[in-house]
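Q: One predicted model, sequence on top.
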Amino acid sequence: MAPGVEDGSAATPAKLEVAGNLAAGVGAGACVGAEARCPKAAAQVWAATGCAAAAQGVSPAYLVREALCGVTVALAMVPEAVAFSLAAGLKPKVGLVSSFFICLITSLFGGRPAMVSGATGSIAVLVGPIIQTHGVEYLFYAVMLMGLFQIVLGLLGVGNLGRLVPVPVEIGFCNGLALVIGFAQLTSFKVPSADHARRLSEVPEAFHPFTDGEPWVSGDEAIFAAIITVVAFLISVLLPRLTERVPSALCSIAIGTAIEWGIVRGVFHSRTTIIGDLGSAGGSFPAPVWFDSSYTMPPPTSTTLGKVYSLAVIMAAIGLLESVMTLSLVNELTKTKSSIVRECVGQGVANIVCGAFGGMGGCAMLGQSMINVSSGARGRLSTFICSLFILFIVLVAYPAINILPVSALAGVMFNVVYHTFEWSSLKLMAVALLPKSFRDRFLRAEGSRWKKIRRADALVILVVTVVTLLSDLAVAVACGVAMSCLLYVYDSAEFISVTSRMDTDTEDRARTKIYNVHGVLFFGSASRFLELFDAENDPEEVQLIFESSYVSDYSAIEALNKLGERYAGLGKRVTLQLLHPGNSRIVEKAKNLLVKELTLEMGGGRVLDEASGRRNIEGYGTTQSFLAREGGAAAVPLLAEEASGSLHLRVAAAGAAGVTAAPALPVAAPSSEEPC
């Protein structure tokens, strides 16, 4: 135990930062920085974890584990990067260059250690039309502009909106993406053309392989290509069930290559298309596209950027969405937190550099991130080594990539399709469409009978999937989110309600009618709210209590005005009692918009007795829990006080006899003696 460090002291942000750095494997350097800001906190963590754990970031075991994870992920990324290039109609080298730059820069500047980024299928399926229409040079401008948009959106905090995407939209997104990637693999069974150009057509991009006019392979070549694809797919799917020590994608590519060169070419003297037939996978370090003789870059004028900005916006939105979804999943698996803003900015910088050096753009890769994290990687070193190994392949080992059969890569990509598609969603949608009588009669109670989602959610999944095929991923997600919002507004409009009772005087005569409003009063529920009151038969005094309700927007203010005018026309008075602090703030700012017929009481009014034994009043920063004893005794609030460095809950001034004080419940809190 370090001198002056007390055991069991409370956690503070500085202590959590030091511990988080140790857990994430960022090394002792970050811990030293935190120690300079808060020496006592750092000393406590160093003492609690030990010097060996604190130096974990530079220990040999840590270096070996991170290096092995990085090499493993790189071997899994290479075949997919090449396959994504071919799916987009680009040379194999483009995908590898993209993965190198994006993985390198996000490992240094990204917000999530151990999360792998590179060329992805969600971006690859978007770039085909711009290449067909204007050429690959305009793609590079689109990628650079995409990175600029991502930086701006990240600094504006738009990346945090990714957590608002509903689960049905995410499922439809995955299903649509899987189908688009699957259809794109059909180009592997076409006769390769010299310029990789594809004919324009009016059909959606997802169905382009069926309408591009390119001839399909036939005869023995088609049979052998199908066999290699099936073998590679089965190995990719089944090998992880036996062992996860060897990347399944690497094994499937190796066996597919052995079949190509040992059996197809060696025994049957036939052949299938290999990567070398489509272009080299490397050879030299990429130069900026303006200095590369293989490209004729147009000047970055407004006309040039005007042709690519719409694609750049879509690519930026899809890239951030997929990255935020992957980041959230990695956070859950590692039980750590990360910075969404920093990740968005890192992705943007990576794509700007990627486009400048002739890359196709990319984002976070879910599959490779899962491989990296499940293999034990927790720091940035694993992704840094992964990028260096990809560069090694581009510069030195590219001849080994050129001999790989394209059909084997297609098998790997069909495995990506298999794992991307949410197969359970098919069952969910099927059960949702069945009538209740059919479910009760034919489905087991312990099985699918009680695994039904709303038909509206099933419709959202279907719409997002179909729109992805007919348009693109960004439009599909936007449609799904819009549908979910409209459905939520429609449902929430039905949830508002009131409970009423009469407050009588000593002679048992009705004096005031009290309405307790429940639910959210907003534009969707304003009309129904007005239908809940009986203005003609109510007494002259009416009181509205917004204790468990919330006044949301200007439409709610107007609904209150209409209600006040309705009662005023009958010579009656309405009093608003706002017990919810949020309502008090909103109405206080808009009180000059209320009609004079409404009387406003802000928070300090009498709390009326009710039959319920417990109710919660939640405010901003505090929560009071009211416990009523049996027999209608007055409610006694539980208040929070600070004592001896801990928070205790106590019963404050129990005024009614027979109310037993609840025992003190200690809650960890920062000590007042903490220097930081």
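A: Perfect, I can see it now.
Q: which residues are in contact with the helix or strand hosting Leu426?
A: Assigned by DSSP states H and E, Leu426 belongs to helix 424-433. Residues outside helix 424-433 that contact it (CB atoms under 8 Å, 6 or more residues apart in numbering) are 171, 175, 439, 443, 448, 451-455, 457-458, 461-462. C-beta coordinates here come from the backbone N, C-alpha and C atoms, glycine included.
Q: For those residues, which PyMOL command selects only the ones that are buried?
A: Under the burial definition 16 or more other CB atoms under 10 Å, those of the contacts of helix 424-433 that qualify are selected in PyMOL by:
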select buried, resi 171+175+439+443+448+452+453+457+458+461+462
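Q: okay if I get the contacts of helix 424-433 as JSON lines plus distance to Met315 and secondary structure?
A: Compiled in JSON lines, the contacts of helix 424-433 are given as follows (distance: CB to CB, whole Å; DSSP: H, G, I helix; E, B strand; the rest coil):
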{"residue": "Ile171", "distance to Met315": "22", "secondary structure": "helix"}
{"residue": "Asn175", "distance to Met315": "20", "secondary structure": "helix"}
{"residue": "Arg439", "distance to Met315": "42", "secondary structure": "helix"}
{"residue": "Leu443", "distance to Met315": "43", "secondary structure": "coil"}
{"residue": "Ser448", "distance to Met315": "39", "secondary structure": "coil"}
{"residue": "Lys451", "distance to Met315": "36", "secondary structure": "coil"}
{"residue": "Lys452", "distance to Met315": "37", "secondary structure": "coil"}
{"residue": "Ile453", "distance to Met315": "31", "secondary structure": "coil"}
{"residue": "Arg454", "distance to Met315": "32", "secondary structure": "coil"}
{"residue": "Arg455", "distance to Met315": "33", "secondary structure": "helix"}
{"residue": "Asp457", "distance to Met315": "28", "secondary structure": "helix"}
{"residue": "Ala458", "distance to Met315": "29", "secondary structure": "helix"}
{"residue": "Ile461", "distance to Met315": "24", "secondary structure": "helix"}
{"residue": "Leu462", "distance to Met315": "25", "secondary structure": "helix"}
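Q: ok, the contacts of helix 424-433 vs Ala142, which is closest?
A: Checking the contacts of helix 424-433 against Ala142 with CB to CB, the nearest one is Asn175 at 25.9 Å.
Q: wait, doesn't that closest one sit right on Glu422?
A: Yes: in this structure Asn175 lies within contact range of Glu422 using CB atoms under 8 Å: 5.8 Å.
Q: Pick out the lowest-pLDDT one from the contacts of helix 424-433.
A: Lowest pLDDT among these: Ser448, with 68.
Q: Give me the buried positions along the longest helix seen in the chain.
A: Of all segments of type helix in the chain, defined using DSSP state H, the longest is helix 302-334. Neighbour counts over helix 302-334 (16+ other CB under 10 Å) mark 304, 307-309, 311-327, 329-330, 334 as buried.
Q: any idea of the mean pLDDT in that helix?
A: 89.
Q: Just after that helix, pick out the following helix or strand.
A: Next element after helix 302-334 (DSSP H and E): helix 340-356.
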